[in-house]
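Chemist: Mind looking at a prediction? Sequence and model below.
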Amino acid sequence: MKLYLLLSSGGGVSRDAGERAAAMKELTAWFGRLGNALVDGGAALTGNVKGVSSDGKVTGGARAAAVNGYMVIRADSMEAAIGIAQGYPFLRGGFNLTVYETFKDG
C-alpha cells in the first residue's frame, strides 16, 4: 500500500457552534469508517504561511495560502485513494481535496 497526502482547500467553517459541532461529529465518524486506512487525521492550518525559494528567499505565502488542512491515508492505488477522498464529508461544504501519491509505502 502507498501513502497519500490529502490537501484541503476552499470551503469555510460555520460561525454557529452547533453546526461546527455537528460537522466535527460527522468528520470523526468518517475517520472511524476509514479504519487503518487513516494514517494521520492531520489538522486545519492557520493562515500564517511563508514561501521559501530555491535561493533561500522568504516571501509571503500567497501561493500556498489556498491549502487549509491535510490528512494522510493509505490505499492500494490512486483510484482507491480518490474513492476515500470522495467520502470526505466537508466536500459538501465547498471544501476540495487534492490527492498526492507519496513515494512512501504504508
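Modeler: Perfect, thanks for sending it. Numbering: from 1, shown residues only.
Chemist: State the distance from the most centrally placed residue in the chain to Gly93.
Modeler: Centroid-nearest residue in the chain: Tyr70, 3.0 Å away (criterion: C-alpha atoms, centre = their mean). Taken as C-beta to C-beta, to the nearest Å, the spacing of Tyr70 relative to Gly93 amounts to 17 Å. All C-beta spots, glycine's among them, are computed from the backbone N, C-alpha and C.
Chemist: Ok, Leu5 next?
Modeler: Computed with C-beta to C-beta, the distance linking Leu5 and Gly93 is 21 Å.
Chemist: ditto for Glu19
Modeler: Using C-beta to C-beta, one obtains 10 Å as the distance from Glu19 to Gly93.
Chemist: Which stretches in the protein count as helices?
Modeler: When secondary structure is read from DSSP state H, the chain shows helices at 17-34, 78-85.
Chemist: Nearest to Asp55, out of these?
Modeler: Between Asp55 and those, the shortest separation by C-beta to C-beta is 33.3 Å, and it involves helix 78-85.
Chemist: The closest residue to Ala66 other than its chain neighbours - how many residues pack around it?
Modeler: Of all residues beyond its chain neighbours, the one nearest Ala66 is Ser9 (4.6 Å), with distances taken as C-beta to C-beta, 6 or more residues apart in numbering. Residues near Ser9, counting by other C-beta atoms under 10 Å, number 15.
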